[in-house]
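1. sequence plus predicted model, see below.
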Amino acid sequence: MSNPQPIQLGQGTGPLRGMKVVEIAGIGPGPHACMILADLGADVIRVERPGGQYLAGGATMLLNRGRPSVALDLKQPEAAAVVLDLVRSADVLVEGMRPGVTERLGIGPEQCHAVNPRLVYGRMTGWGQDGPLALAAGHDINYISVAGALFGLGQTAERPQFPSNLVGDFGGGSTYLVIGILAALLEARLSGQGQVVDGAIVDGTAHLNAMTAAFLAGGGYREERGANLLDGGVPFYDVYATADGKHVSVGALEPQFFAALIQTLGLEDVAPGQDEPERYDELRALLTDTFAQRTQAEWVELFEGTDACVAGILPISEAYDHPHLKARGTFVEHEGIVQPQPAPRFSRTQATLSLPPSPAPGAHTREALTAWGVADVDGLIDRGVAVQV
């Protein structure tokens with residue numbers, strides 16, 4: 001299963017071309033962060049445990065795209081020495097283990113900074129590196145619970161509704177880790193010193209939710225679901241069913257957009273006004289009945305491109321073919337998989353996709369370690385320190 005194609009460094013096409021990242025493989029937000037870095041042109045080497053781990057791999061795991069997979073048995077001291085060898089020439093290391101684990105393995109911040117003082121050491125966890133829960137297990141749903149974000153999600157009073165793991169793992173987690181890494185890299189250019197970036201999902205999610213905190217502080221927010229401006233509390237920012245059992249989203253917040261909504265629906269003479277909250281139930285019922293009279297496709301044909309802020313709600317498989325996203329090339333087929341292009345976009349150093357996800361941990365061990373200048377790779381494989389699949 002070894003990939004015979006040689007691994008070459010410095011071939012990235014995005015603005016991070018030439019940056020070198022060592023990834024100690026985990027699941028979820030850590031791989032997503034490293035996917036972003038690789039998408040934007042960095043050379044990322046993914047260090048996995050032999051045999052891989054739950055929910056972490058496979059040929060269609062897009063979070064692992066763009067970088068070669070190396071399998072190292074980190075329980076062996078010689079494997080830790082290999083990681084430190086990689087770190088010597090790296091700009092960044094990313095890990096997502098519980099606090100203290102990389103230190104015990106011999107690849108913690110102090111060990112890494114001893115061989116490379118300029119290294120930015122990115123740590124991705126849910127609870128952070130300190131605090132009463134730092135060593136406890138958890139997942140996205142738990143982190144966004146205590147950060148105050150999950151409570152307000154959804155439009156039903158009975159229970160909160162969570163949007164898979166987008167808010168915590170990728171919103172408050174990987175995105176903030178990447179922000180921290182890039183900020184620390186800029187600072188290291190001035191100071192000559194690296195540092196540790198403590199990427200905690202609870203911290204990032206709380207920061208992501210700053211506008212809710214602002215609304216609460218200003219007295220304009222009720223800590224109830226479906227009771228506020230952006231959570232379905234107003235009928236002109238909500239989801240409505242169509243005649244074919246599908247849905248449209250309505251986001252007509254501003255007065256001119258609300259006017260366009262009502263005019264396009266032909267309800268000027270019967271719809272309550274946007275500034276009549278005592279009649280919102282009446283307006284919601286009117287919009288519900290109206291949208292139920294046509295199919296989603298019919299509403300999309302009527303509304304798309306107008307200022308009424310109405311859109312059809314699509315599953316991802318249909319989003320692939322949306323005319324706007326097709327025109328922008330938001331999704332592409334690469335190595336047999338339809339997937340999102342790197343984002344954001346750049347005028348001069350536009351990023352493009354490279355390696356597909358590794359089919360198995362260790363598929364590129366020999367080629368990648370050799371490309372990174374590690375000595376005696378065949379010996380490492382023979383001794384079981386490294387594994388080539």
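-> That came in fine, so what should we check first? Numbering: from 1, shown residues only.

2. check the gap between the most centrally placed residue in the chain and Ala33 for me.
-> Taking Cα atoms, centre = their mean, the centroid of the chain lies closest to Phe170, which sits 3.3 Å from it. The gap separating Phe170 from Ala33 is 9 Å, by Cβ to Cβ, to the nearest Å. Where C-beta positions appear, they are placed from N, C-alpha and C, glycine not excepted.

3. what of Val101?
-> 18 Å.

4. check which residues of the lengthiest helix in the chain are buried.
-> Longest helix in the chain by number of residues (criterion: DSSP state H): helix 175-191. By 16 or more other Cβ atoms under 10 Å, the buried positions in helix 175-191 come out as 175-178, 180-182, 184-185, 188.

5. equivalent analysis for stretch 237-256, please.
-> Buried residues in stretch 237-256 (16+ other Cβ under 10 Å): 237-238, 240, 242, 246-248, 250, 252.

6. for stretch 60-77, same thing?
-> 61-74, 76.

7. widest-spaced pair of those residues?
-> Greatest spacing in the buried residues of stretch 60-77, by Cβ to Cβ: Leu62 and Gln76 (30.5 Å).

8. quick one: the helices in the stretch 151-300 of the chain?
-> For the stretch 151-300 of the chain, helices defined by DSSP state H, counting those that start in this stretch occupy the ranges 175-191, 201-208, 210-217, 255-265, 280-291, 296-303.

9. gap between the residue lying closest to Ala80 once chain neighbours are set aside and Leu37?
-> Spatial nearest neighbour of Ala80, excluding adjacent residues (Cβ to Cβ, 6 or more residues apart in numbering): Gly106 at 3.7 Å. Distance of Gly106 to Leu37, given as Cβ to Cβ: 24 Å.

10. so between these two, which is more surrounded?
-> Leu37 (28 against 16; other Cβ atoms under 10 Å).

11. tell me what whatever helix or strand Arg123 lives in is packed against?
-> Arg123 is part of strand 120-125 when elements are defined by DSSP states H and E. Under the contact definition 3 or more Cβ pairs under 8 Å, 6 or more residues apart in numbering; DSSP states H and E, strand 120-125 sits against helix 29-39, strand 92-95, helix 109-115, helix 175-191, strand 196-200.

12. quick one, phi psi at the closest residue to Gln155 other than its chain neighbours?
-> With sequence-adjacent residues excluded and distances taken as Cβ to Cβ, 6+ apart, Gln155 is closest to Gly232, at 3.7 Å. Backbone torsions of Gly232, given as degrees, to the nearest 10, read phi 100, psi 10.

13. so who does Lys246 touch?
-> 295-296, 312-313 (Cβ atoms under 8 Å, 6 or more residues apart in numbering).

14. pull out the buried members of those.
-> Buried, going by 16+ other Cβ under 10 Å: 296, 312, out of the contacts of Lys246.

15. just the ones of the contacts of Lys246 in strands?
-> Those of these mapping onto strands are Gly312, per DSSP state E.

16. and the residue nearest to Ser69 when sequence neighbours are not counted, what does it touch?
-> In this structure, Ser69 finds its nearest non-sequential neighbour in Ser358, 3.6 Å apart by Cβ to Cβ, 6+ apart. Shown in contact with Ser358 (Cβ under 8 Å, 6+ apart): 46, 57, 59, 64, 68-69, 364.

17. pLDDT score assigned to the closest residue to Thr264 other than its chain neighbours?
-> Using Cβ to Cβ, 6+ apart and skipping the chain neighbours, the partner closest in space to Thr264 is Ala308 (5.1 Å). Each residue has a pLDDT score; the one for Ala308 is 98.

18. next, give phi and psi for Ala308.
-> phi -80, psi -10.

19. with Gly154 instead?
-> Taking degrees, to the nearest 10 as the convention, Gly154 sits at phi 110, psi 170.

20. I figured it hits Gln161, correct?
-> Yes: Gly154 lies in contact with Gln161 (Cβ atoms under 8 Å); the separation is 3.2 Å.

21. out of these two, which sits in the busier spot?
-> Legend: neighbour count by other Cβ under 10 Å for Gly154 and Gln161, higher for Gly154 (17 against 11).

22. run a quick neighbour tally on Val83.
-> Once other Cβ under 10 Å is used to define contacts, Val83 is seen to have 26 neighbours.

23. tell me the contacts of it?
-> Per Cβ under 8 Å, 6+ apart, neighbours of Val83: 22, 24, 47, 72, 74, 107.

24. mind putting those into TSV with pLDDT, distance to Gln256 and secondary structure?
-> Shown next, in TSV, are the contacts of Val83 (pLDDT from 0 to 100; distance: Cβ to Cβ, whole Å; DSSP: H, G, I helix; E, B strand; the rest coil):
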residue	pLDDT	distance to Gln256	secondary structure
Val22	98	51	strand
Ile24	98	51	strand
Val47	98	54	strand
Leu72	98	59	strand
Leu74	97	59	coil
Ile107	98	57	coil
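
25. closest to Ala213 among the residues you listed?
-> Checking those against Ala213 with Cβ to Cβ, the nearest one is Ile24 at 33.5 Å.

26. now that closest one. Nearest residue, chain neighbours left out?
-> Glu95 (3.9 Å).

27. do the same with Phe257
-> Closest to Phe257 by Cβ to Cβ, 6+ apart is Cys309, at 4.9 Å.

28. so the one you found touches Val248, yeah?
-> No: with contacts defined as Cβ under 8 Å, Cys309 does not count as touching Val248, sitting 10.5 Å away.

29. return the per-residue confidence for the residue sitting furthest away from the middle of the chain.
-> Relative to the centre of the chain, the most outlying C-alpha is that of Asp269, 45.1 Å out, by Cα atoms, centre = their mean. pLDDT, Asp269: 96.
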